[in-house]
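> dropping the sequence and predicted coords here.
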Amino acid sequence: PLENAIPVVGGASVAFVNPPRLELDFTGLANVAEFRVIDGTIRKIIQNTLKDVVVLPNRIFVPVHPANLFVEGYEPVLGVLRLRVMRGRGFV
């Protein structure tokens, strides 16, 4: 929501349309996680957690303005429309 004073934005709604791709590199003592079974398990846990939290229709709200009450009116997304324009003409 827009505010009358700086910061102009009261908060941001953050989400991914598709699950994000992960690139993990374990170093030091965590290098044990490079074993295929452990690595796969850790990646699966992280990906499932991300999917459950920030992949549409799920999203997170990040408040910017401390007095923002937008969280109280926060409603879940009803759906997502993906539109892909294949070609066009006559724009100029």
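Cool, got the structure.
> give the contact list for the most centrally placed residue in the chain.
For the chain, the residue nearest the mean C-alpha position is A15 (3.1 Å; Cα atoms, centre = their mean). Contact partners of A15, counting by Cβ atoms under 8 Å, 6 or more residues apart in numbering, are V54, V55, L56, N58, R59, I60, V77. From N, CA and C alone the C-beta is placed, and that goes for glycine too.
> pretty sure the second one sits against Q47.
So the one you mean is V55. No. Between V55 and Q47 there is no contact under Cβ atoms under 8 Å: 9.6 Å.
> which neighbours do those two share?
In contact with both V55 and Q47: P19, using Cβ under 8 Å, 6+ apart.
> pLDDT-wise, which helix or strand of this structure ranks last?
Lowest by mean pLDDT, DSSP states H and E among the helices and strands of the chain is strand 11-14, with a mean of 78.
> and whatever helix or strand comes next after it, average pLDDT?
Downstream of strand 11-14, the first helix or strand assigned by DSSP states H and E is helix 36-54. Taken as a whole, helix 36-54 carries a mean pLDDT of 87.
> direction included, what does the helix or strand just after helix 36-54 pair up with?
Per DSSP H and E, the first helix or strand lying C-terminal to helix 36-54 is strand 60-63. Its sheet considered, strand 60-63 pairs with strand 11-14 (antiparallel) by DSSP bridges.
> can you give me how far the partner strand is from the chain middle?
10 Å (Cα atoms, centre = their mean, to the nearest Å).
> may I see the buried residues of that strand?
For strand 11-14, a neighbour-count test (16 or more other Cβ atoms under 10 Å) marks G11 as buried.
> now stretch 79-92: average pLDDT?
Stretch 79-92 shows a mean pLDDT of 77.
> from now on call the first residue 53
With 53 as the first residue, the last one maps to stretch 131-144.
> just how off-centre is it within its chain?
24 Å.
> what's the first-to-last distance across it?
Criterion Cα to Cα, to the nearest Å; first-to-last residue distance in stretch 131-144 is 33 Å.
> what's the neighbour count on the closest residue to the residue nearest to the centre of the chain other than its chain neighbours?
Once flanking residues are discounted, A67 sits nearest to R111: 3.5 Å by Cβ to Cβ, 6 or more residues apart in numbering. When counting by other Cβ atoms under 10 Å, one arrives at 17 neighbours for R111.
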